[in-house]
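# build me a structure from this.
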Amino acid sequence: MRIVVTGGAGFLGSHLCDRLLADGHEVVAVDNFITGRRSNIEHNMKKDQFEFLEHDISSHIHIEGTVNFIMHLASPASPIDFERYPIQILKVGALGTHNALGLAKAKNAGFFLASTSEVYGDPLVNPQPETYWGNVNPIGIRGVYDEAKRFAEAMVMAYHRIHQIDTRIVRIFNTYGPRMRANDGRSMPSFISQALQGKPLTVFGEGQQTRSFCYYEDLISGFIKLVNSKEHYPVNIGNSNEISILELAQTIIRVCESSSDIIFEPLPQDDPRLRRPDTSRANRILRWDAKIQLEEGLKKTIEYFKLHENVV
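Coordinates of the predicted model:
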């Protein structure tokens, strides 16, 4: 297939491009480098099966030739981005999704939306199933991302129902691995950077809020299985192994063999207390489950940070 990947120079987008190329597809990566990085895709630039278009998907897009599938991953997605790029996040969730769906309609192509566990907000149920409608503060700092993705899901389903677009929606839970930005504000890269430099690890609140961390290879495998399915409703993809942020900090210090201490700071506004996917639909429909254990993925991620992120 010839597949368009928006956000193709980002952390997950670039890994998705690698996987699609390895599977024999042609890839057109689209990115405006607001948070993506050219270094993430440089190794693909000379491949005949790879094209790159520097473009903001929030503006109209036209792609020459056949397009079989559009995989829409474009959006800043880390906590510091919510304050740094709130308008851009809202625009890419609304206008960007609209433009990408318009391209799918024009090309009679399939469409894949990378949504997020943030649609569940600060959940009142744990784990979170796809049937849970969420507990979101629409006017809080995180609301720009939460509501952009909720709107994007609604638009995808509308295009599926009205225009019969062959759509998929994945709700991504916390994911980590090489190519994460060291300074993107998420706990995993922040802790690794601090531990490698011997600095104190900054834990918010008492560190009892939980997350479930999925290594990127498992996540991308879930993407491919979902594309190859016929499932139109949202599917959670994530590791169901729940861990507190304090435990994560302690684990990273140990794996990095660091002498760092842990310091505590006030909890940010609307920071979710719980985050754990109910992956029973992915297990049943896609025959997918996360396989890579936290420490195995951490070692690979730490090695990347040592070599590429200038934090040692």
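# okay, the nearest residue to A9 once chain neighbours are set aside and R171: tell me how far apart.
Distances taken as CB to CB, 6 or more residues apart in numbering put G36 closest to A9, at 3.2 Å, once the chain neighbours are dropped. The way it works is simple: take the backbone N, C-alpha and C, and place the C-beta from them, glycine included. As for G36, its distance to R171 is 21 Å (criterion: CB to CB, to the nearest Å).
# returning to that earlier point: where's the residue nearest to A9, which helix or strand?
Assessed by DSSP states H and E, G36 sits outside every helix and strand.
# so it makes contact with G13?
Yes - in this structure, G36 is within contact of G13 by CB atoms under 8 Å, at 6.7 Å.
# overlap of the contact sets of those two?
Common neighbours of G36 and G13, using CB atoms under 8 Å, 6 or more residues apart in numbering, are G7.
# next helix or strand past the helix or strand encompassing S115?
Element membership for S115, per DSSP H and E: strand 110-116. Downstream of strand 110-116, the first helix or strand assigned by DSSP H and E is helix 143-163.
# what about the helices in this structure?
Using DSSP state H, the helices of the chain run over 11-22, 79-84, 86-91, 97-107, 143-163, 187-196, 216-227, 245-255, 280-281, 294-308.
# ok, which of the ones you listed comes nearest I57?
I57 sits nearest to helix 97-107 of all the helices of the chain, at 5.7 Å, using CB to CB.
# got the helices of the chain as TSV, with mean neighbour count and distance to N44 columns?
Putting these into TSV (neighbours: other CB atoms under 10 Å; distance: least, CB to CB, whole Å) gives the following:
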stretch	mean neighbour count	distance to N44
helix 11-22	22	6
helix 79-84	17	25
helix 86-91	18	25
helix 97-107	21	21
helix 143-163	19	26
helix 187-196	23	23
helix 216-227	20	15
helix 245-255	19	30
helix 280-281	16	32
helix 294-308	16	17
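# can you put those in TSV and add mean pLDDT and distance to I237?
Shown next, in TSV, are the helices of the chain (pLDDT from 0 to 100; distance: least, CB to CB, whole Å):
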stretch	mean pLDDT	distance to I237
helix 11-22	98	11
helix 79-84	94	21
helix 86-91	98	21
helix 97-107	98	19
helix 143-163	98	14
helix 187-196	95	17
helix 216-227	98	4
helix 245-255	97	20
helix 280-281	98	10
helix 294-308	95	15
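# mind putting those helices in TSV, distance to D48 included?
Shown next, in TSV, are the helices of the chain (distance: least, CB to CB, whole Å):
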stretch	distance to D48
helix 11-22	10
helix 79-84	34
helix 86-91	32
helix 97-107	21
helix 143-163	31
helix 187-196	33
helix 216-227	22
helix 245-255	40
helix 280-281	38
helix 294-308	26
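# so which of those helices comes closest to D31?
With CB to CB as the measure, helix 11-22 is the member of the helices of the chain nearest D31 (7.0 Å).
# please save the CA atoms from that closest one in CSV.
Extracted C-alpha coordinates of helix 11-22, given in CSV (Å, rounded to 0.1, in the frame of the first residue of the first chain):
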residue,chain,number,x,y,z
PHE,A,11,8.4,9.9,18.3
LEU,A,12,5.7,7.4,17.3
GLY,A,13,5.2,8.6,13.7
SER,A,14,8.8,7.9,12.8
HIS,A,15,8.8,4.4,14.3
LEU,A,16,5.5,3.7,12.4
CYS,A,17,7.2,4.8,9.2
ASP,A,18,10.1,2.4,9.9
ARG,A,19,7.6,-0.5,10.4
LEU,A,20,5.6,0.3,7.3
LEU,A,21,8.7,0.4,5.2
ALA,A,22,9.9,-2.8,6.7
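# ok, the closest residue to S59 other than its chain neighbours to S259 distance?
Spatial nearest neighbour of S59, chain neighbours left out: N99 (7.1 Å); criterion: CB to CB, 6+ apart. N99 is 49 Å from S259, where distance means CB to CB.
# touching, A74 and T6? I think so.
Yes - using CB under 8 Å, A74 is in contact with T6, at 3.9 Å.
# shared neighbours of those two, which are they?
With CB under 8 Å, 6+ apart, A74 and T6 have common neighbours G13, V30, D31, I57, G96, A100.
# make JSON lines from these and add distance to E265 to it.
Shown next, in JSON lines, are the shared contacts of A74 and T6 (distance: CB to CB, whole Å):
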{"residue": "G13", "distance to E265": "31"}
{"residue": "V30", "distance to E265": "37"}
{"residue": "D31", "distance to E265": "33"}
{"residue": "I57", "distance to E265": "35"}
{"residue": "G96", "distance to E265": "33"}
{"residue": "A100", "distance to E265": "38"}
